[in-house]
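A.B. asks: quick one: sequence and predicted model below, then my questions.
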Amino acid sequence: MNTKILILLGLAAVAAADSREFRGYGDSRSFESYESSEARYDFNYAVRDDSSGNDFGHQEARDGDNTQGSYYVHLPDGRRQTVTYYVDGDSGYIADVKYSGEARYPDSYESASFESYEAPRRRYYDSNESK
């Protein structure tokens, strides 16, 4: 699923780059100025993969200087973090962060889902010692 998203984003980037005309420093043609219109967009995505435990998403909409959206992620402790935000002109980024669910921690490291790992021992040599 992640590979498909990456391929789709890559194709979109190639298409966008191909549609623009590149003007290098050595180009003697004059640059034409274009007035930009007000920014307006709306997007969203969600990923849920039970085999890996990934569960996250994002949605955002913009109309001129007014931007609003939210994103969420499933945290390792079992809670879900949701951030709702807006940007209105010069007010800056205003976010509201909320958590749902209850955090769960293992009783001990032995009951955790990861295996114990001991780092390999290293020997450091003195400059006068042969290796």
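C.D. replies: Yes, it's here.
A.B. asks: so where's this protein uncertain?
C.D. replies: For the chain, the stretches with pLDDT under 70 are 14-36, 108-131.
A.B. asks: what helix or strand is the closest residue to residue 71 other than its chain neighbours on?
C.D. replies: Of all residues not flanking residue 71 in the chain, residue 58 sits nearest, at 4.0 Å (CB to CB, 6 or more residues apart in numbering). For the C-beta atoms, the positions are set from N, CA and C on the backbone; glycine is no exception. Using DSSP states H and E, the element containing residue 58 is strand 54-63.
A.B. asks: what are the buried residues along that strand?
C.D. replies: Of all the residues in strand 54-63, those buried under the rule 16 or more other CB atoms under 10 Å are 60, 62.
A.B. asks: so which elements touch the helix or strand following that strand?
C.D. replies: Later in the chain than strand 54-63, the nearest helix or strand by DSSP H and E is strand 66-74. Packing partners of strand 66-74 (3 or more CB pairs under 8 Å, 6 or more residues apart in numbering; DSSP states H and E): strand 54-63, strand 80-88.
A.B. asks: buried set for strand 66-74?
C.D. replies: 67, 69, 70, 71, 72, 73, 74.
A.B. asks: gap between the last one and residue 45?
C.D. replies: Taken as CB to CB, to the nearest Å, the spacing of residue 74 relative to residue 45 amounts to 15 Å.
A.B. asks: circling back to that earlier point, any chance of JSON lines for the helices and strands packed on strand 66-74, columns distance to residue 97?
C.D. replies: What follows is the helices and strands packed on strand 66-74, written out as JSON lines (distance: least, CB to CB, whole Å):
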{"stretch": "strand 54-63", "distance to residue 97": "14"}
{"stretch": "strand 80-88", "distance to residue 97": "5"}
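A.B. asks: that concludes my questions; thank you for your assistance.
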